[in-house]
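Trainee: my questions concern the predicted model and sequence given below.
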Amino acid sequence: MKPGKGLEHAGLTNKIIGCAIEVHKKLGPGFLESVYENALIIELHKQNLKVQRQREVVIKYDEIEVGRHRLDLIVDDTIVVELKAVKNVEDFHFAIVKSYLKALGKEHGLIINFSKPVLEVKRVIRK
C-alpha cells in the first residue's frame, strides 16, 4: 500500500465489518459459526451485497485437481470471509484464508471471530 492511499476495497470491507458488528451486537458470543453465518448473510443482503456461501474451491497441483475445500463466504465476488467462533485467531487461520485466496485468484479476505466480547476482525491480504 502506498503512503496516503486507503486500503483497496475499504468500502466493501467496511460494509462487511459493519454487518458483522450488527450481528455480534444482537447475538453476542457463544453460538456456533453456522448461526453467525446465517445471521451475517441476512445483514449482508440488507446492504444489497452479493453473497456466495459454502462455495467449493478446487485445489490443483500441476493443473490436476488434488482436493476440494469449502469456504464460508465470498462477498461481491471479491472478499473471502472466514467466520470463526474460537478463543483466539491463530496463524493457521491466516494460512487457510491465504490458501483460499490463492486457489480463487483473489487478494483480500477477512477473518471474523464472534467468540470474543468485542468482535474480532482480521484482514488477510495475499501478496
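Mentor: On my side now, so go ahead.

Trainee: from Lys60, how far off is the spatially most central residue of the chain?
Mentor: The chain has Val81 as the residue nearest its centroid, 1.1 Å off, counting by CA atoms, centre = their mean. Noted for Val81: a distance of 23 Å to Lys60, by CB to CB, to the nearest Å. Placement of C-beta: from N, CA and C, glycine included.

Trainee: wait, Val75 touches Asn48, no?
Mentor: No - using CB atoms under 8 Å as the test, Val75 is too far from Asn48 to be in contact (11.3 Å).

Trainee: between those two, who's got more neighbours?
Mentor: Between Val75 and Asn48, counted using other CB atoms under 10 Å, Val75 has the larger neighbour count: 24 against 8.

Trainee: and the more buried one, what pLDDT?
Mentor: Per-residue pLDDT puts Val75 at 97.

Trainee: now it: how far from Pro117?
Mentor: As for Val75, its distance to Pro117 is 25 Å (criterion: CB to CB).

Trainee: ditto for Asn48
Mentor: Where Pro117 is concerned, Asn48 sits at a distance of 30 Å (CB to CB).
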